[in-house]
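*Asks:* Return a 3D structure for these sequence lines:
(one chain, ligands or ions: 2)
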Amino acid sequence: MDRPDTHHLDTDHLEAAEEVHLARLTAVDADSDERAIEAALRPRSLAEVVGQQRVREQLGLVLDAAKARGRAPDHVLLSGPPGLGKTTLAMIIAGELGAPLRLTSGPAITHAGDLAAILSGISEGDVLFVDEIHRMSRAAEEMLYLAMEDFRVDVVIGKGPGATAIPLDIPPFTLVGATTRAGLLPGPLRDRFGFTAHLEYYEPDELDRIVHRSAGLLDVHLTAEGSAEIAGRSRGTPRIANRLLRRVRDYAQVRADGTVSLDVARRALELYEVDEQGLDRLDRGVLDALCRRFTGGPVGLSTLAVAVGEERETVEEVAEPFLVRNGFLARTPRGRVATPAAWEHLGLDVPRNVTGDPTLFSE
Ligand SMILES: Nc1ncnc2c1ncn2[C@@H]1O[C@H](COP(=O)(O)OP(=O)(O)OP(=O)(O)O)[C@@H](O)[C@H]1O
Ligand SMILES: [Mg+2]
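*Replies:* Ligands and ions are numbered 1, 2, ... in the order given. Model (predicted):
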């Protein structure tokens, strides 16, 4: 059997090696180099986590109660968009419990056997973190139901008529699942989590605190206004805030005196083409095509994609979620439509037939 992708986390091995990052600055995902940098910026305790007040309080209670009882806490599901702190919270859960964290991910569990191998290596009180849990194989999912509920798995030995299932007890452990797509989780799996935390996008003042905190860790000098400017362009997402901070720091070091002031932040972000509302070149390109070429739509996704010279998927999955969430673009049955905010953002007059009536923009 292949060794599934699991290991004890040892963050000391993760180096905060900085590199020139040419990928899209406002991407919600992080590549592997960036994940190493992120590790250095992760809050280590619940008290250090900025924002997510409700989740912090609820999770704190779950953990404190379990500690008081001397038992492994209920399984925890962390759901929410990329870059809001799911992995961070999973590590904090293990940290707060003083328990080892075992790390794997849905895509690494392609067979039930992969999961069986992980579960059979678990010790009492371990925290098993399954990232992207919605991408696990079906057979593994069923094995996981049993493990979560009865702390047992049936390991099947052999194939065909001669196969036998050997029941195996697993010591009580805590499963922490993370998903960006809670809706894709089958009901029975979702129901077996004793606690679900939904992470929300962050407010600008929370992002501001995150930028300050990260600047402290990275030894970056920054003014209150410089920090607020970065926070305001970060799309409610700590990952993006941290990334913009690193790019603005580069600019401050090379083109200024090293301090991230309001002026430096603005000049840097203009250079990187991230505007006041956090829209990047692709986002603006989509809105621009929609308003100028298609007079606000409705226009089909494929046509719009051709107009901006991108793949359909890129427009749909990369640009649109943020544009829709921020009320610049609406998906209607007849196609994509620019909202009045889109026209205004581009500095164009809102045509008279475009109204702010939200019912016109419903799906
Ligand atoms: N509440 C927070 N306070 C401070 N920093 C945070 C917070 N949430 C996230 N971060 C920072 O944002 C970065 C991304 O967070 P994390 O990796 O936990 O996101 P994620 O939800 O697991 O994303 P993905 O869905 O892509 O796996 C980390 O570097 C982390 O330090
Ligand atoms: Mg993660």
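
*Asks:* Help me confirm that P172 comes into contact with E124.
*Replies:* Yes: the pair P172 / E124 is scored as a contact, 6.0 Å apart, by Cβ atoms under 8 Å. (C-beta placed from N, C-alpha, C; glycine too.)

*Asks:* what sits in contact with each of those two?
*Replies:* Counting by Cβ atoms under 8 Å, 6 or more residues apart in numbering, the residues touching both P172 and E124 are A72.

*Asks:* how is this protein carved up into domains?
*Replies:* 42-198, 204-271, 281-361 (automatic domain parsing).

*Asks:* Out of those domains, indicate the one that is most buried.
*Replies:* Highest mean neighbour count of those: domain 204-271, a mean of 20 (counted as mean count of other Cβ atoms under 10 Å).

*Asks:* Any part of it near ligand 2?
*Replies:* No: using Cβ under 5 Å from the ion, domain 204-271 never reaches ligand 2; the gap is at least 9.2 Å.

*Asks:* now that domain, how far from the centre of its chain.
*Replies:* Counting by Cα atoms, centre = their mean, to the nearest Å, domain 204-271 is centred 20 Å from the centre of its parent chain.

*Asks:* gap between the two ends of that domain?
*Replies:* End-to-end span of domain 204-271 (Cα to Cα, to the nearest Å): 22 Å.

*Asks:* what's the average pLDDT for that domain?
*Replies:* Summarised as a single mean, pLDDT over domain 204-271 is 96.

*Asks:* anything in that domain near ligand 1?
*Replies:* Yes: residues of domain 204-271 contacting ligand 1 under Cβ under 6 Å from any ligand atom: I210, P238, R239, N242.

*Asks:* Show me what the closest residue to A163 other than its chain neighbours is bridged to.
*Replies:* Once flanking residues are discounted, A163 sits nearest to V156: 5.5 Å by Cβ to Cβ, 6 or more residues apart in numbering. In this entry, V156 is beta-bridged to A165, by DSSP bridges.

*Asks:* who touches V156 in this structure?
*Replies:* Residues near V156 by Cβ under 8 Å, 6+ apart: A112, A163, T164, A165, I166.

*Asks:* dump the residue contacts of whatever residue of the stretch 51-200 of the chain ends up closest to ligand 1.
*Replies:* Residue nearest to ligand 1 within the stretch 51-200 of the chain (Cβ to the nearest ligand atom): G85, separated by 2.8 Å. By Cβ under 8 Å, 6+ apart, the residues touching G85 are V49, Q52, L199, P238.

*Asks:* Quick check: it vs ligand 2, distance?
*Replies:* G85 sits at a distance of 8 Å from ligand 2 (criterion: Cβ to the ion, to the nearest Å).

*Asks:* cool, and G70?
*Replies:* Per Cβ to the ion, G70 is found 29 Å from ligand 2.

*Asks:* And that residue, how close does it get to L59?
*Replies:* 19 Å (Cβ to Cβ, to the nearest Å).

*Asks:* ok, back up a step: save the domains of the chain as a markdown table, and put in distance to V28 too.
*Replies:* Listed next are these as a markdown table, based on distance: least, Cβ to Cβ, whole Å:
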| stretch | distance to V28 |
| --- | --- |
| domain 42-198 | 4 |
| domain 204-271 | 6 |
| domain 281-361 | 8 |
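
*Asks:* comparing the ones you listed, which gets the lowest mean pLDDT score?
*Replies:* If you rank those by mean pLDDT, domain 281-361 sits at the bottom with a mean of 89.

*Asks:* mind checking how far that one is from the chain centre?
*Replies:* Worked out by Cα atoms, centre = their mean, domain 281-361 lies 24 Å from the chain centre.

*Asks:* Nearest spatial neighbour of the residue most central in space within the chain, chain-adjacent residues omitted?
*Replies:* For the chain, the residue sitting closest to the mean C-alpha position, by Cα atoms, centre = their mean, is P82 at 1.6 Å. Leaving aside its sequence neighbours, P82 sits nearest to V28 (Cβ to Cβ, 6+ apart; 4.1 Å).
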